[in-house]
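Engineer: only geometry, no sequence info:
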């Protein structure tokens, strides 16, 4: 099955888009790189070129040399920007403190997010990073690329920016690091008009949603993570670009409870693929695992001798609900008792597969510790069918946003608001009944907030009628 | 239309709203799936890790996609991306992808091409010796460390990110290229409590932390900040309004109430926290995201503070390595660090990892009661004898 974009996609051909010639792109040799010396003394930064792990310093120097050898009229940001960045890093090491100033309000017209102002506080010493703004670019969902696209953004960012970037930021965006205020609008125009590509979110708005690689290359995904992510990102462009929320709001889409994009820990609204029928069992493959013909856990433990695979010890006894057993040489599962933790499926991927009646669970309110402490997302909706264009999910999203915008305090995340009001209030707003699955256990204090309508006769009482029976 | 080389490109500052294209969103993902991925979308049957960093996914159609996973720095240059493109053009029909943990994945549709790709990747090194594309990061090992901006781009860090990640991964490189651990160990790094990296559910989390209350820039406080917002930003109510001797509006801070979260600084540039002596690194352990066997779990503070030893953080590296190796020696197959610590008891975790236990590690914030131990079940460790001695209970 192929997925269709909402709008026709302009085909991007690097050869038609490119700024730099092959000579310009290949303008230095390894010998020159070996001899290259940063214009600043950076002994501690240089130290980070040693060791096996890829050195960001070695890479930055490569960019520095490349820019140095480009003709000056072939870049709109200073050629030595990479060298100044390394120089400032050394001074930061020396001083034990950062040298980036606090904030700075810059942006592109009509958007309240996507651009973050950044200025050096050592502008005389490192003039090329005096203005070093960030632009967040909304990544294609699950971060597959072709080289035409990547080479094109490389030329764009080398020409109008520092040539340095993050692939990717924590939220998921491509993060362009370092350009001047003057170049913000031109970069935005090039992205939109030439590359048909938008910025991502920042500030108190919908942040750039992200997802795991889903069904594109994983046998466990229960939902079309990319398609859901794409549809909701496009549908809520206004919320993404124009901050109108109390604080940030994140959507993340995990295809299964393994949770590879960590939606349960870091999204206000977490979608996690699941199923409601039975785990599919291939009994022959179960025997192959028992017989040692297939390595357990996809070979993940091959680096150490853990002994012969033992299905009792490694699968059945580790099942958190104890809902598996062997009977007449067959693996049995009481699916009604299964909580879909994925362990058995992870260990025996060729024998066990998630069911085929799939959808997602929706959890709300995860966030990092600022301010009230970290929160994990709370299971609220056990199962939702996920079919494009996901109208049922959009309805839920909008109810939640309306409530949060109405009741939320400035810089209060959804999870904190739920805690302040309590789950019962949250459910009332969502028009959902409660279920025991929303809590790990029922309350141990009896301080129930009964309402007047819960009690026969209500809360209005006559003290005189009471006193008629009970003397003072 | 080619990319423009005009100084302002297509933007006309005289008419800034002219031809403005907005709300385009991201480009559509489908065009970036290589043919093997398009053809087998939703049909994958199973996968296997052939060796560290090399995966094969097998489709119901019989197709196989071979993936080579490489570690990388999330902070990179366009030169590096161009090199990736050259590799992808040569072996992968011009496609590649990045993972959530900043690894780079090259995919091919045959074993033969995968072997050639692997050989090519292994041979690529920076002129100063580090790998450009180390292969690994799969299975029961340590994959790439997700991290934040640090001194390279952030205004609030209490430490640097890229350098610490480089130092720690140099130290743990064998675990990136191996699969010898009881389960995967996810390490994350955030350079301040804002945790752009959301490190709070990692097997091991490295967190930059300030230890001195903000220093107040009275000169500019009223000019540059909304004083009520600064006051409201403090979760412990440590900030209150004040006036300078010459009558300027400003704030004062009750130092003993400050928990060094930096939320006030996020709201106001006139209260910086950064300080060379004050700032350092906190280590947390035992968190996870996955629902496998046990529910997701927050990481817990196991080392309250270590100094910022730029650029290689030997003390941080040594602590991380010690935790990883103690875990590797003691945990059961499939057991994550947090599951192992829970099974043996946190008292045993501290003893085995040879980590001192100080009062800093006992929660005294909002949900502290959840962590109090209210049972007679405990294990005797040196820390327990020390308390018994101090209480006069034993000699």
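Structural biologist: All right, it came through fine. All values reported here derive from a predicted model rather than from experimental measurement. Numbering: from 1, shown residues only, chains lettered A, B, ... in the order given.
Engineer: contacts and neighbour counts: CA atoms only from here.
Structural biologist: Noted.
Engineer: for the stretch 201-350 of chain A, just list every one of the helices.
Structural biologist: Taking DSSP state H, counting those that start in this stretch as the test, the helices found in the stretch 201-350 of chain A are A:225-235, A:237-241, A:263-266, A:283-290, A:311, A:343-347.
Engineer: ok, now the stretch 351-472 of chain A?
Structural biologist: Under the criterion DSSP H, counting those that start in this stretch, helices of the stretch 351-472 of chain A are mapped to A:391-407, A:414-421, A:423-430, A:463-469.
Engineer: can you tell me which of these is nearest to chain B?
Structural biologist: The closest of those to chain B is helix A:414-421. By C-alpha to the nearest C-alpha, the value is 12.4 Å.
Engineer: residues near residue A:240, how many?
Structural biologist: Neighbours of residue A:240 under the rule other C-alpha atoms under 10 Å in any protein chain shown: 31.
Engineer: residue A:161 and chain B: what is the separation?
Structural biologist: Distance from residue A:161 to chain B, counting by C-alpha to the nearest C-alpha, to the nearest Å: 10 Å.
Engineer: next: residue A:113.
Structural biologist: Residue A:113 sits 12 Å away from chain B, going by C-alpha to the nearest C-alpha.
Engineer: cool, and residue A:252?
Structural biologist: Here residue A:252 is placed at a distance of 12 Å from chain B (C-alpha to the nearest C-alpha).
Engineer: was I right about that residue contacting residue A:273?
Structural biologist: No - using C-alpha atoms under 8 Å as the test, residue A:252 is too far from residue A:273 to be in contact (11.2 Å).
Engineer: most packed of the helices of the stretch 351-472 of chain A?
Structural biologist: Compared across these, helix A:414-421 shows the largest average neighbour count, a mean of 18 (mean count of other C-alpha atoms under 10 Å in any protein chain shown).
Engineer: return the distance of that one from the chain's centre.
Structural biologist: Distance of helix A:414-421 from the chain centroid (C-alpha atoms, centre = their mean, to the nearest Å) equals 21 Å.
Engineer: now do the strands in the stretch 251-400 of chain A.
Structural biologist: Ranges of strands in the stretch 251-400 of chain A, per DSSP state E, counting those that start in this stretch, are A:251-254, A:269-275, A:280-281, A:324-327, A:330-333, A:352-353, A:358-364, A:378-384.
Engineer: partners of the fourth one in the sheet?
Structural biologist: Partners of strand A:324-327 in the sheet, by DSSP bridges, are strand A:330-333 (antiparallel).
Engineer: buried stuff in the partner strand?
Structural biologist: Of the residues in strand A:330-333, A:331, A:333 count as buried by neighbour count, 16 or more other C-alpha atoms under 10 Å in any protein chain shown.
Engineer: who touches it?
Structural biologist: A:279, A:283, A:286, A:323, A:324, A:325, A:326 (C-alpha atoms under 8 Å, 6 or more residues apart in numbering or on different chains).
Engineer: closest to residue A:401 among those residues?
Structural biologist: Nearest to residue A:401 among the contacts of strand A:330-333 is residue A:279, at 35.3 Å by C-alpha to C-alpha.
Engineer: what about that closest one, how many neighbours?
Structural biologist: Counted with other C-alpha under 10 Å, the neighbours of residue A:279 add up to 21.
Engineer: returning to that earlier point: redo the strands of the stretch 251-400 of chain A as CSV? Include mean pLDDT.
Structural biologist: Converted to CSV, the strands of the stretch 251-400 of chain A look like this (pLDDT from 0 to 100):
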stretch, mean pLDDT
strand A:251-254, 98
strand A:269-275, 98
strand A:280-281, 98
strand A:324-327, 98
strand A:330-333, 98
strand A:352-353, 98
strand A:358-364, 98
strand A:378-384, 98
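Engineer: what ranges does the stretch 101-250 of chain A have for its strands?
Structural biologist: Under the criterion DSSP E, counting those that start in this stretch, the stretch 101-250 of chain A contains strands at A:115-116, A:134-137, A:144-146, A:164-167, A:174-177, A:210-211.
Engineer: er, the stretch 251-395 of chain B actually
Structural biologist: Here the stretch 251-395 of chain B has its strands, by DSSP E, counting those that start in this stretch, at B:280-285, B:300-307.
Engineer: for chain A, which of those strands is the nearest?
Structural biologist: Comparison of these against chain A by C-alpha to the nearest C-alpha identifies strand B:280-285 as nearest, at 9.3 Å.
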